[in-house]
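Student: I would like the atomic coordinates for the input below:
(2 chains)
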Number of protein chains: 2
Amino acid sequence: MTEGRATGRRGGGGAARRAARGAAGVECARFIERNIPDFDLLNAEALEIIEQNAEIVLEEIGVTFAENPDALTRWREAGADVQGERVRLPRGLARTLCATAPARFTQHARNPARNVDIGGRSLVLAPVYGPPFVRDLDGGRRYGTIEDFRRFVRLGYMSKWLHHSGGTVCEPTDVPVAKRHLDMLLAHMTLTDKPFMGSVTEPSRARDSIEMCEILFGRDFVAGNTVMTSLININSPLTFDATMMGALEVYAATNQACIVSPFIVGGAMAPVSVAGTLTQVLAEVMAGVAYSQLVRPGAPVIFGAFVTSIDMNSGAPTFGTPEASQILYGAGQLARRLGLPFRSGGGLCGSKLPDAQSAYETTHTLNAALLGGVNFMLHACGWLEGGLVASYEKFVMDADQLGALHKLAAGVATDPEAQAMDALREVGPGGHFLGCAHTQANFRDAFWRSELLDYKPFETWDEEGARDTSMLAADRVRALLARYEAPAIDPGLKEALEEFVSRRKAELPDSAY
Amino acid sequence: MTEGRATGRRGGGGAARRAARGAAGVECARFIERNIPDFDLLNAEALEIIEQNAEIVLEEIGVTFAENPDALTRWREAGADVQGERVRLPRGLARTLCATAPARFTQHARNPARNVDIGGRSLVLAPVYGPPFVRDLDGGRRYGTIEDFRRFVRLGYMSKWLHHSGGTVCEPTDVPVAKRHLDMLLAHMTLTDKPFMGSVTEPSRARDSIEMCEILFGRDFVAGNTVMTSLININSPLTFDATMMGALEVYAATNQACIVSPFIVGGAMAPVSVAGTLTQVLAEVMAGVAYSQLVRPGAPVIFGAFVTSIDMNSGAPTFGTPEASQILYGAGQLARRLGLPFRSGGGLCGSKLPDAQSAYETTHTLNAALLGGVNFMLHACGWLEGGLVASYEKFVMDADQLGALHKLAAGVATDPEAQAMDALREVGPGGHFLGCAHTQANFRDAFWRSELLDYKPFETWDEEGARDTSMLAADRVRALLARYEAPAIDPGLKEALEEFVSRRKAELPDSAY
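Tutor: Okay, the predicted model is just below:
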């Protein structure tokens, strides 16, 4: 079931469209199937140099699997040279092991209309992940709470162009660290019916995630299907820590998907060059994916790349830069040559406010991700201030822009109706197309339309308060949350989930990490 | 000289870098030579359909050359079927005539270090063109004046990533229409040393533009070289009016470059489909370029496309939409198949303020223009409110972003230094790259750095007033204008130009059109 080859296309007919609406008439677009080519920035020679160098890195420098004797045993048995915690992989070993990972898989949602395929020509959009702070126009910047978390999950459910509910949409800092994952999963399971991510901060929390999925989906279903995609960061350079690898082991063993993702601020955690950084990214991902296949051949896994550059004046990470785009394009090409699904960031920015800077930086990344062949876009909306802040306004601003990606990815129709020769003949030189038959028949779906941005005449806009984008967005946040109704769920299931959460919370300590 | 084939690469050495600095140490980047592939959105089949349909449009529907008996005579002699003002072109005629237009040409500036090549892999960046209003943070929105015009020309001169001074950077509405072109040209000729555009609003104003160039460059130089690139809009659909064609005739006859540019709000001036719009664009441009070659074979000309979509709810034009990007990519492919330089818009947006909306819309277009193979990008900075407003803050915001395009266009180096294998070996698993030898040797030029955006720690930014991008931009506008010094010009030349302007102003009426 993780291969997803038999899935085919859905969502084309009226029945599918009806199924895609929630109880409150909430629309959700099907994940994107690109009908456009990829942009191949690097030529074959450059890619081969990087691939050969990555093999040299794995063979001569190697990677560290820290505090993880089981991993070292697995590597030794697979034929690696293990010295202390350093694992050196003979040339070709990692690539050979990666070959058992599926090129595309289905992640199931509790509402089957919301299932997503990850890999091939697909693009699945998921919200921001990880910020300890939240920000909105009224309340400013403050630590995130579980109620903020729930509000973001609701916003994600109400966002038509968002296919995935994500994971840690913000840190619920008012809940003890050891218990947070339970409240977060409960929110993703009950407040939305879109697919979601599991906990990775401890192997036991990954096991809790699976147990809760077994309640939600049924034990047999989870045994045979992928129901979570979780984020496993590599401790770059070239280090795999025991916590993240412990979570990966739990997920891979149960056929749940992992994103194996170097987390790199270029110049600090990787060389200060694009080719050098791509070499390290490829070596790290190949080692991590190979390890997942040692745990369970065929386990679904995604080639991740979270790479940004550094401001060499201040040392601050920077986002939406040309180097970040170059690395994204290059990493996508390397992932496709490995036959793996590819993940990047989405609406990344360094700005403190949802202002022009945030949109410049975000849009560079969104364009690169669309054309660079990304299959799973994390942080597609809501990311602010280098990922320190989840912004309510930016969440709906970015989520609106994701509609434009859908339209661009659909490609250009050239059937006779799209050729519009009748319209050209009917109107002729000096005429007007607004009233012609072709326009009347096609105008409703012809152009993508923002549900947020201002298209009004100047005078109207001025009279209505001359509002900027963040003020329009604040209104939209209020309107979406006011309209929110939770998707239906079997009351028995909900009770069982809540019972599990209560029981585990009672067992777990109120620890701060 | 218009072929530009012998130009070769310049600007690589220290001498060229010194030559590229103005008297006040003002830096100007050389125009972009792309070292990256184009993004080909449409496949060959789609392009062939559009090309065949454009031939049908020209043959069966034809184009109108209004109030222009000379043009009709030229077309008749070239073998077209002329009925009244309607000109129908036998299949293949337009394409054959286009073949004499150069694939690449040099536009000369009075400072030879600022010359630009237009065509092939080049990308030349020019500022906003045409707004009647200006806006800044302090003064709000108001009609533009000649002093605003001069300030924008100064800002363009101070903008490192801007290669071209443009044309009507704003309308100087305090100068009578019949005299404006004289003051505008004088500003471009004396306040900057970058290349510029000529007047197109009347054939006599085109002749004034040439006469002023003859004073600035010398009569012999202008006879043998292209010193202006001017914007000739087509009155879409399929109509060529006498004013614009009169200006084109003057420029083509003297070997000055014209951008032949459909001006289309899709759904109103073209069919409500991408393929239909591209068909019309191609037919219009081929007819206009063919006409320029009837006037003078070999005259330099650019395949223009200013195409946007319409908001079908309000009828307002919209910018930065996915359909606009699709048309830009497709038009670029059609231009390359015709062997012509290609022009598009740059920082287009519909927003009333330099806010997030303006940056989302702008950045979509900037990315599409870079990857879509644009050779001449008009409106690369400063455009606001659908082109009604030239914004001071957005001018410097966009101009800063243009630096990112330079870096992305340079491609990815894979020489041994860029491969950084020594750095990877030196640092190893778990280490830090900041201090390693490779980073120390390369960090200065490794990453593009904005000169405007905020990269500061949150606390510093907050203490300094929590400024958004437009506030930072307002500071930069003030700083650039305060630092401005006019580039040196021969006092005799300047006097001769001023004398010409005075004389012509005395001759011309204070008319309002």
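Student: so which helix or strand takes in A:Glu67?
Tutor: Counting by DSSP states H and E, A:Glu67 is held by no secondary-structure element, helix or strand.
Student: dump the residue contacts of it.
Tutor: Contacts of A:Glu67 were listed using Cβ atoms under 8 Å, 6 or more residues apart in numbering or on different chains, and they are A:Glu85, A:Asp241, A:Ala242. Where C-beta positions appear, they are placed from N, C-alpha and C, glycine not excepted.
Student: need phi/psi at it.
Tutor: With angles defined as degrees, to the nearest 10, A:Glu67 sits at phi 50, psi 50.
Student: same check on A:Gly350?
Tutor: Backbone torsions for A:Gly350, taken as degrees, to the nearest 10, come to phi -100, psi -10.
Student: same check on A:Phe105?
Tutor: phi -140, psi 160.
Student: go on, A:Ala257?
Tutor: phi -80, psi 140.
Student: how many neighbours does it have?
Tutor: Residues lying near A:Ala257 (other Cβ atoms under 10 Å in any protein chain shown) number 27.
Student: then the one 5 residues further on?
Tutor: Applying other Cβ under 10 Å, we find 26 other residues in the vicinity of A:Pro262.
Student: can you tell me the helix or strand for it?
Tutor: Assigned by DSSP H and E, A:Pro262 falls in strand A:257-265.
Student: that strand pairs with which strands, parallel or anti?
Tutor: strand A:229-234 (parallel), strand A:301-304 (parallel), strand A:306-310 (parallel) (DSSP bridges).
Student: tell me if I'm right that A:Cys258 and A:Thr226 touch.
Tutor: No. Counting by Cβ atoms under 8 Å, A:Thr226 is not a contact partner of A:Cys258; they are 10.2 Å apart.
Student: need the residues touching each of the two.
Tutor: With Cβ under 8 Å, 6+ apart, A:Cys258 and A:Thr226 have common neighbours A:Pro300.
Student: who's more crowded, the two?
Tutor: A:Cys258 (30 against 24).
Student: quick check: bridge partners of the more buried one?
Tutor: Under the criterion used (DSSP bridges), A:Cys258 bridges to A:Ser230, A:Val301.
Student: one more: A:Gly119?
Tutor: Listed beta-bridge partners, A:Gly119: A:Arg104 (assigned using DSSP bridges).
Student: count of neighbours near it?
Tutor: Neighbours of A:Gly119 (other Cβ under 10 Å): 25.
Student: got it, and A:Gly139?
Tutor: 10.
Student: and what of A:Thr363?
Tutor: Neighbourhood size, A:Thr363 [other Cβ under 10 Å]: 27.
Student: about what we covered before: ranking the strands paired with strand A:257-265 by burial, who's on top?
Tutor: strand A:301-304 (a mean of 30; mean count of other Cβ atoms under 10 Å in any protein chain shown).
Student: and the contacts of that strand?
Tutor: Against strand A:301-304 from outside (Cβ under 8 Å, 6+ apart): A:101, A:118, A:229, A:231-232, A:252, A:257-262, A:285, A:289, A:292-293, A:331, A:334-335, A:338, A:340-344, A:375-376.
Student: who's in contact with the closest residue to chain B within the stretch 201-350 of chain A?
Tutor: Closest to chain B within the stretch 201-350 of chain A is A:Gly276: 2.8 Å, counting by Cβ to the nearest Cβ. By Cβ under 8 Å, 6+ apart, A:Gly276 lies in contact with A:Ala270, B:Ala418, B:Gln419, B:Ala420, B:Met421, B:Ala423, B:Leu424, B:His438.
Student: which SSE is the nearest residue to the first one once chain neighbours are set aside in?
Tutor: By that I understand A:Ala270. Closest residue in space to A:Ala270, ignoring its immediate chain neighbours: A:Thr277 at 4.2 Å, by Cβ to Cβ, 6 or more residues apart in numbering or on different chains. In the assignment (DSSP H and E), A:Thr277 maps to helix A:274-295.
Student: quick one: that helix to strand A:306-310, angle?
Tutor: 150 degrees (axes from the mean of the first three to the mean of the last three Cα atoms, to 10 degrees).
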